[in-house]
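# for reference, the sequence and a predicted model appear below.
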Amino acid sequence: MTIDLNNVTAVENVKGDEPILGHLMWFSVGKQLVKADDLQAALTAAGIDQAFMPNPIRSSDAFRRATKEIEVKKGTAQTNVFKNYLIREVFADKDMIQRNIVVETVDQSGKRLDYESNAGIITLDKKNNSLTFVTSDPITEDLCKIAEEKFNIYKEYYSAQQVRVMVSKILNSLAPTPVRPNGGVYFVPNAYTEGLTKLVNFTSSLENSECFKVPIVNTYDNVQMVSQKLSDHFDTLLAECKGSGNLRKSQVKDLINHANGIIKDYKDYRSIVQSEASFFEEKILHLKREVARLVDNMED
């Protein structure tokens, strides 16, 4: 069955006496860096549990991120000859990490002409959270200085991607169902309106970011829309479980947790799709069987 979202009534009636099923919501987190203290303060201001904060920033993560970002390809005085400045980790223990800038000289087809394994040596002292480098080449020295600047920023700031993951985790606690095949717009049941309002306020308070929610009135077309999208969600997850043969163990574990979460969230949709209760109970049964199979395979 195809649902035309143009028919969705996304506003309450004039009298405001029609109950709502929930809300459509979407969000966008722009490219930015967010200081850890500022992110925590924004969570507190929005009334969201601090448990959703990303893991504390480790100097080792900031170091690896900063050094990885200086990789670059540069031209040379020779026609069709290039130098690739790459980062290779050569040592790591509980006290320090050493990463080298290696310079790979290649032609236009990618054939290696020369290779220098220690054009630059960049070291992180974990105890002091300090970065040092050794190099005598002007280009690699500039790259090391850029890495140092980035490191001093990244050890105090979260990336936009980390914030996006954080927002997604908060959203996932609100029993969302994707409305568009490629994601980006979600339906959140009315039982989570308070939590959704907090998420909207939190996300919108961040720089270059926004979040919106639009109420969905309890009409026949809207119930059909929610039912169809919930069914699609179950089908997609069931297909992912059945096709999980090539996934890593950690990915399978994440898939199991996601499936169990969706099964648990169904309670918040039961009153909406009550006319198709047997249909969804059958889907849940199939999904539970797939989850049980994945768990058994992991234990083998």
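Here it is on my side, so go on. Source: prediction; values computed, not measured.

# ok, and the closest non-adjacent residue to residue 137?
Once its chain neighbours are removed from consideration, residue 137 has its nearest residue in residue 119; the separation is 5.7 Å (CB to CB, 6 or more residues apart in numbering). Any C-beta I mention is one placed from the backbone N, CA and C, and that applies to glycine too.

# hang on, the one you found packs against residue 102?
Yes. Applying CB atoms under 8 Å, one finds residue 119 in contact with residue 102, separated by 6.4 Å.

# comparing the two, which shows the higher neighbour count?
The residue with more neighbours, out of residue 119 and residue 102, is residue 119; 22 against 19, by other CB atoms under 10 Å.

# isn't there a strand covering that one?
Yes. Counting by DSSP: H, G, I helix; E, B strand; the rest coil, one finds residue 119 located in a strand.

# quick one: it and residue 86, what's the gap?
Taking CB to CB, to the nearest Å as the measure, residue 119 and residue 86 are separated by 10 Å.

# now the helices: where do they sit in the stretch 201-300 of the chain?
Assigned by DSSP state H, counting those that start in this stretch, the stretch 201-300 of the chain shows helices spanning 220-242, 249-265, 277-299.

# rebuild the ones you listed as a markdown table, extending it with mean pLDDT.
As requested, these are arranged in a markdown table below (pLDDT from 0 to 100):
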| stretch | mean pLDDT |
| --- | --- |
| helix 220-242 | 93 |
| helix 249-265 | 91 |
| helix 277-299 | 89 |
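
# how is this structure partitioned into domains?
The record, using automatic domain parsing to delimit domains, assigns the chain the ranges 59-155, 219-300.

# out of those, which gets nearest to residue 186?
Judged by CB to CB, the one of those that comes nearest to residue 186 is domain 219-300, at 9.2 Å.

# next, residue 106: secondary structure please.
Secondary structure assignment for residue 106 (three-state DSSP): strand.

# what's opposite it in the beta bridge?
residue 82, residue 112 (DSSP bridges).

# would you confirm that it contacts residue 115?
No. Taking contacts as CB under 8 Å, residue 106 lies outside contact range of residue 115: 9.5 Å.

# more neighbours: the two, which one.
Between residue 106 and residue 115, residue 106 has the larger neighbour count (other CB under 10 Å), namely 17 against 13.

# measure the more buried one to residue 296 for me?
48 Å.

# can you check residue 64 too?
Distance, residue 64 to residue 296, by CB to CB: 36 Å.

# pLDDT weak spots in the stretch 101-250 of the chain?
Low-confidence regions of the stretch 101-250 of the chain, defined by pLDDT under 70, are absent; no residue qualifies.

# hey, where'd the strands end up in it?
In the stretch 101-250 of the chain, the strands defined using DSSP state E, counting those that start in this stretch lie at 112-125, 130-134, 157-159, 177-178, 186-189, 209-217.

# pick the most buried one from those.
Mean neighbour count, computed with mean count of other CB atoms under 10 Å, is highest for strand 186-189 among these, reaching a mean of 24.

# for it, output the C-alpha coordinates as PDB.
This file holds the C-alpha atoms of strand 186-189, laid out as PDB (Å, rounded to 0.1, in the frame of the first residue of the first chain):
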ATOM      1  CA  TYR A 186      10.400  10.600  11.800                       C
ATOM      2  CA  PHE A 187       7.100  10.000  13.500                       C
ATOM      3  CA  VAL A 188       7.200  10.100  17.300                       C
ATOM      4  CA  PRO A 189       4.100   8.800  19.300                       C
END
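
# remind me what that strand packs against, helices and strands.
Secondary-structure packing of strand 186-189 (3 or more CB pairs under 8 Å, 6 or more residues apart in numbering; DSSP states H and E): strand 20-29, strand 177-178, helix 220-242.

# overlap in contacts of residue 119 and residue 86?
With CB atoms under 8 Å, 6 or more residues apart in numbering applied, the overlap between the contact sets of residue 119 and residue 86 consists of 101-103.

# of residue 64 and residue 296, who's got more company?
It is residue 64, of residue 64 and residue 296, that has more neighbours when counted by other CB under 10 Å, with 19 against 9.
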